[in-house]
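Visitor: With the input below, show me the fold.
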Amino acid sequence: MIDINLKNSLYVQDIIEKQKAVFSSIGKVNKTYKITLLDDAIQHVSVARKIPLALKNRVKQKLDEMVAENIIIPVKEPTDWGHPIVIAPKSNGDIRVCMDPRQLNVYIKREIFQILTIDSLFSELSGASYFSLIEASQAFFTNTFR
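Guide: Numbering: from 1, shown residues only. Below you'll find the model as predicted:
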C-alpha cells in the first residue's frame, strides 16, 4: 500500500512538472490599475527610511533584480507621490522589499467589494475535489500603477 502523503507528493510533483511555465517565475498582473483618489488628496513624498549598512548591498541587489524582472521601474524625475521602502527578513534568510504607502492610503477612494462570508465560501466549495495551497511570497507584484 502506498503512503497517502507520498502519493499526494508525487501527484503535486507531476502537476508542477506539467505546468512548469506557471511555477518557474514570479507571477505578475499584466494590466494597468488606476488608483482613484479623493478630491481633497494632498500629494506627499515621504522621507526615505534608513537602511542598515549591513543590508545596503542586499537591498541594492534585490532592487536590481526587481527592475530586471519588470516588477518595479526606476523613477528618475520629480514625482508628486513617494513612499519609503521597508526591508523585512524572510525565513529563508533572503529579504523582502516592501513599500509603506500609508500616506497614500488615507486618500484612496475605496471601491465597493462584497467580501464573502465563510458560510457562502464553503457553500461554493461544496462538491469540489481538488484544493491547492499556494505560498504567495511575491503576491503583490503588479506591472503598473497609475
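
Visitor: Next up, the contacts around residue 66.
Guide: Contact partners of residue 66, counting by C-beta atoms under 8 Å, 6 or more residues apart in numbering, are 72, 97. Every C-beta, even on glycine, is put in place using the N, C-alpha and C of the backbone.

Visitor: Helix or strand: which one has it?
Guide: helix 56-68 (DSSP states H and E).

Visitor: For that helix, which residues meet the burial criterion?
Guide: Residues of helix 56-68 classed as buried: 62, 66 (neighbour count, 16 or more other C-beta atoms under 10 Å).

Visitor: Using CSV, list the CA coordinates for the helix or strand following that helix.
Guide: Sequence-wise, the next helix or strand downstream of helix 56-68 (DSSP H and E) is strand 85-89. Below are the C-alpha coordinates for strand 85-89, written out as CSV (Å, rounded to 0.1, in the frame of the first residue of the first chain):
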residue,chain,number,x,y,z
ILE,A,85,10.6,51.1,1.5
VAL,A,86,10.7,48.7,4.4
ILE,A,87,13.0,45.7,4.5
ALA,A,88,11.7,42.6,6.1
PRO,A,89,13.7,39.4,6.6
